[in-house]
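>>> Kindly generate the corresponding structure for this input.
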Amino acid sequence: MTIPRDTHKADRIGMVRVARTLSNVISPPIMFAITGLALGLYERPIWPGLAWGAVYSLLIALTPMVVVLYLLRTGRVSDIHMSATHERHIPYLIAVTSSAVAYVLLVAFDGPMLLRCLAILSFITLGALGLINTRWLISIHATAAASTWLILSLIFGWTVSLILLPFVILICLIRLYLKRHTPAQVLAGVVLGISGVLLMRLFGCFVP
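Okay, the predicted model is just below:
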């Protein structure tokens, strides 16, 4: 197995440091949170939209991240990027459960339809990632970037799409540069992210 460039603190300098920082900032939880807030505001007035977006973001993005930080603090994962497949099992399980809880709350309290679709997509995509992860370290960064890009493109138009596309390319290149994933693992993540959104689209989701 290839050792990532940023495994050791001593190596986190120069471009490696920049790439690692960007990878942490443009991370799946951040992308999930931004998407949730954007869709909540799109469908509802500002305060209800923000509230529903915050509920989604807290469950889908913050809860799994808190779990990861706890596992990191207690030594059950070696690195926040969790390059070892076995380290990702619990976070994926928490994320899938959080998606289900988010969907139940959205249905029970008449939440935005777009967020209901997003919760279902999260459940399916994160479940697929978790299953694949038992055998292969597919890139969740690539999956999140691709799905976020396509969802926001479908809802807000192709101007937004062109603005966001460089970030998708950037995060994929960063994961390759840091040697966190192989090209196949990144490409598989992109395909999973896009195909998940297109599948939901067939059932009437993510239509502006």
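
>>> What's the first helix or strand after the strand or helix carrying residue 168?
Counting by DSSP states H and E, the element that carries residue 168 is helix 158-177. Going down the chain from helix 158-177, the next helix or strand is helix 183-202, by DSSP H and E.

>>> for that next one, packing partners?
Packed against helix 183-202, as judged by 3 or more CB pairs under 8 Å, 6 or more residues apart in numbering; DSSP states H and E, are the following elements: helix 113-133, helix 140-156, helix 158-177. (C-beta placed from N, C-alpha, C; glycine too.)

>>> Deepest in the core, which of the ones you listed is it.
helix 140-156 (a mean of 24; mean count of other CB atoms under 10 Å).

>>> now the angle between helix 113-133 and that one, please.
160 degrees (axes from the mean of the first three to the mean of the last three CA atoms, to 10 degrees).

>>> For the residue sitting nearest the centre point of the chain, list the residues it contacts.
Nearest to the mean C-alpha position of the chain, counting by CA atoms, centre = their mean, stands residue 28 at 3.0 Å. The contact partners of residue 28, taken as CB atoms under 8 Å, 6 or more residues apart in numbering, are 61, 140-141, 143-144.

>>> now those as a markdown table including distance to residue 14 and pLDDT?
Shown next, in a markdown table, are those (distance: CB to CB, whole Å; pLDDT from 0 to 100):
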| residue | distance to residue 14 | pLDDT |
| --- | --- | --- |
| 61 | 30 | 88 |
| 140 | 26 | 93 |
| 141 | 21 | 95 |
| 143 | 28 | 97 |
| 144 | 26 | 96 |
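
>>> Among those, which one sits closest to residue 158?
residue 144 (20.4 Å; CB to CB).

>>> Now that closest one: closest residue in space, sequence neighbours ignored.
residue 28 (3.9 Å; CB to CB, 6 or more residues apart in numbering).

>>> What separation do you get for the one you found and residue 189?
Using CB to CB, to the nearest Å, one obtains 10 Å as the distance from residue 28 to residue 189.

>>> Name the residues contacting each of these two.
With CB under 8 Å, 6+ apart as the test, residue 28 and residue 189 both reach 140-141, 143.

>>> will you turn those into TSV that also has distance to residue 201?
Compiled in TSV, these are given as follows (distance: CB to CB, whole Å):
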residue	distance to residue 201
140	21
141	22
143	16
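
>>> circling back to that earlier point, any idea how far the residue nearest to the centre of the chain lies from residue 92?
For residue 28, the distance to residue 92 equals 11 Å [CB to CB].

>>> likewise residue 80?
15 Å.

>>> try residue 111
24 Å.

>>> same check, this time on residue 208
31 Å.

>>> And these two? Which one has more around it.
Ranked by neighbour count (other CB atoms under 10 Å), residue 208 and residue 92 place residue 92 first, with 21 against 9.

>>> how far off helix 113-133 does the lowest-mean-pLDDT helix or strand in the chain point, in degrees?
Lowest mean confidence among the helices and strands of the chain (mean pLDDT, DSSP states H and E): helix 63-73, at a mean of 87. Using the same axes, to 10 degrees, the direction of helix 63-73 lies 40 degrees away from that of helix 113-133.
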